[in-house]
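Chemist: I need the structure of the sequence given here:
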Amino acid sequence: MRNIRVLFLVEAAIFSALAILLDVLPFLSFKLWAQGGSVSFAMVPVFIMAFRWGVSGGVTTGLLLGFYQILIGAYIVTPVQTILDYIVAFGVIGLAGMFAKPVWEAAAARHYKRLVTWIVIGAFVGSLFRFIGHFIAGIAFYGTMAPEGTPVWLYSLTYNGGYMLPTFILCSIVLGLLFVQRPSLLIQRAS
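Modeler: Okay, the predicted model is just below:
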């Protein structure tokens, strides 16, 4: 039992560090907006942990990613915005772990179409909840940046949707290819 706990902590640390690297390396991340928001593969390691360990693995890794984002230079307006935009928004990516069991079952049965379907559903849920966190923060804290005559909700929707939708699609493709080729990555092993 102790070995499993140690493995979980080590993997959360490694995958969250990998996630921040995938977000900051210029050739792996495309910045769309000056205030933040980029199309990157940073959510892939969080999703991997969510599908390997369930919600706890995904949320833990997402929270660590959010903290790392703050440490390396987050766009901070207020403490509440920082919590919503970084801690909450990145933490909820791990809710993809709600679909870990069907992902494991599809992988064990070598039913790859079902495996990819559950991966995409999980990635969509994690991405959607992250989007909602950023969307609410956009309405509450970035309304002054909306062009004159543009409703704040539409500005936040366009701004956050502009990078979250392509990120979701990219992450789904990478995860689908990864787990179809290496379904054994879904299994935790500790001796």
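Chemist: tell me the contacts of the one residue sitting closest to the centre of the chain?
Modeler: Taking CA atoms, centre = their mean, the centroid of the chain lies closest to M43, which sits 3.4 Å from it. If a contact means CB atoms under 8 Å, 6 or more residues apart in numbering, then M43 has A19, I93, A123, G126, S127, R130, T167, C171 as its contacts. Where you see a C-beta, it was placed from the backbone N, CA and C, and this is true even at glycine.
Chemist: what's the closest of those to L28?
Modeler: Of all these, A19 has the smallest distance to L28: 11.0 Å, by CB to CB.
Chemist: and which of the contacts of M43 is nearest A12?
Modeler: Taking the contacts of M43 together and measuring to A12 by CB to CB, the closest member is A19, at 10.4 Å.
Chemist: pretty sure the closest one contacts G66?
Modeler: No: applying CB atoms under 8 Å as the test, A19 and G66 come out as separate, 10.0 Å apart.
Chemist: show me where pLDDT drops low in this protein?
Modeler: 1, 30, 32-36, 189-191 (pLDDT under 70).
Chemist: which residues in it form strands?
Modeler: 29-31, 38-40 (DSSP state E).
Chemist: out of the ones you listed, flag the one nearest Y86.
Modeler: Of these, the one closest to Y86 (CB to CB) turns out to be strand 38-40, at 13.8 Å.
Chemist: strands paired with the closest one, and their directions?
Modeler: strand 29-31 (antiparallel) (DSSP bridges).
Chemist: with distance to W153 and neighbour count as extra columns, can I get the contacts of M43 in JSON lines?
Modeler: Formatted as JSON lines, the contacts of M43 follow (distance: CB to CB, whole Å; neighbours: other CB atoms under 10 Å):
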{"residue": "A19", "distance to W153": "29", "neighbour count": "29"}
{"residue": "I93", "distance to W153": "23", "neighbour count": "31"}
{"residue": "A123", "distance to W153": "25", "neighbour count": "29"}
{"residue": "G126", "distance to W153": "22", "neighbour count": "28"}
{"residue": "S127", "distance to W153": "19", "neighbour count": "23"}
{"residue": "R130", "distance to W153": "18", "neighbour count": "28"}
{"residue": "T167", "distance to W153": "21", "neighbour count": "25"}
{"residue": "C171", "distance to W153": "25", "neighbour count": "27"}
